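Chemist: turn this into a model:
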Amino acid sequence: MTKLVILDRDGVINLDSDAFVKNADEWIPIKNSIKAIARLSKAGYLIAVATNQSGLGRGHFNQNDLDAMHNKMTQLVEAEGGSFATIKYCPHKPDEGCECRKPLPGLIDQIMEELSISDLSGCFMVGDSLRDLQAGEARGCKAVLVKTGKGEKTLAANEGLENALVFNELADFVGWLLA
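Modeler: So this is what the prediction gives:
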């Protein structure tokens, strides 16, 4: 069984913003998230990121800005002794009809292909919105909702969460998984 945890980015790893996280200065990690990712990585888990980044398609930021945000995230995790297996993102606007925008599982498919994984049962998809969980569940991942970011709002709506594990934050999930 592959030990893989797929993470949404905004609201799970870093603070989210309704006005979009537009550059590396605005990309601020959620307390404990970086150390949690490093712990998972050091415990032998592959860590992948699957993130909708429609701000790119909407012109709120450019590819260099997105690369700088992901470089910052990667460097912070590496400084704690961890690493990402891959980072996949959907640059499309919601109305573009792509296959990669969550809740569709296109980003999950990209991760599976890049990492040569054919079965995601036993793997986890961690997100703060229902669409994150739906994308992972469509490919057999166990759904994990964190209450950070939009998580409290998602939990309050209480739709589609029947099979989801719920944790206050990423670090709490990691503590549970590694216990």
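Chemist: so how far is the helix or strand encompassing residue 152 from its chain's centroid?
Modeler: Per DSSP states H and E, residue 152 falls inside helix 151-157. Mean-position distance between helix 151-157 and its chain equals 17 Å (Cα atoms, centre = their mean, to the nearest Å).
Chemist: any idea what residue 90 is bridged to?
Modeler: Beta bridges link residue 90 to residue 52, judged by DSSP bridges.
Chemist: looking at it, it is touching residue 102, isn't it?
Modeler: Yes: at 7.1 Å, residue 90 counts as touching residue 102 under the criterion of Cβ atoms under 8 Å. To be clear about C-beta, it is placed using only N, CA and C from the backbone, and glycine gets the same treatment.
Chemist: quickly list what's touching both of the two.
Modeler: Taking Cβ atoms under 8 Å, 6 or more residues apart in numbering as the contact rule, residue 90 and residue 102 both touch residue 52.
Chemist: give the other helices and strands that the helix or strand harbouring residue 49 contacts.
Modeler: Secondary structure assignment for residue 49, by DSSP H and E: strand 46-52. Counting contacts by 3 or more Cβ pairs under 8 Å, 6 or more residues apart in numbering; DSSP states H and E, strand 46-52 is packed against strand 4-7, helix 33-42, helix 63-79, strand 86-90, helix 106-114, helix 130-137.
Chemist: in a markdown table, list the ones you listed along with mean pLDDT and mean neighbour count.
Modeler: Listed next are the helices and strands packed on strand 46-52 as a markdown table, based on pLDDT from 0 to 100; neighbours: other Cβ atoms under 10 Å:
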| stretch | mean pLDDT | mean neighbour count |
| --- | --- | --- |
| strand 4-7 | 98 | 25 |
| helix 33-42 | 98 | 22 |
| helix 63-79 | 98 | 16 |
| strand 86-90 | 98 | 19 |
| helix 106-114 | 98 | 20 |
| helix 130-137 | 97 | 24 |
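Chemist: so which of those gets nearest residue 13?
Modeler: The minimum distance between residue 13 and these falls on helix 33-42, with 4.9 Å, by Cβ to Cβ.
Chemist: got the angle for that closest one vs helix 63-79?
Modeler: 60 degrees (axes from the mean of the first three to the mean of the last three Cα atoms, to 10 degrees).
Chemist: what's the distance between helix 33-42 and the middle of its chain?
Modeler: Averaging C-alpha positions (Cα atoms, centre = their mean) puts helix 33-42 13 Å from its chain's average.
Chemist: if we can go back for a sec, may I see the buried residues of the very next helix or strand once past the helix holding residue 152?
Modeler: Scanning forward in sequence from helix 151-157 by DSSP H and E, the next helix or strand is strand 165-167. Across strand 165-167, burial judged by 16 or more other Cβ atoms under 10 Å covers 165, 167.
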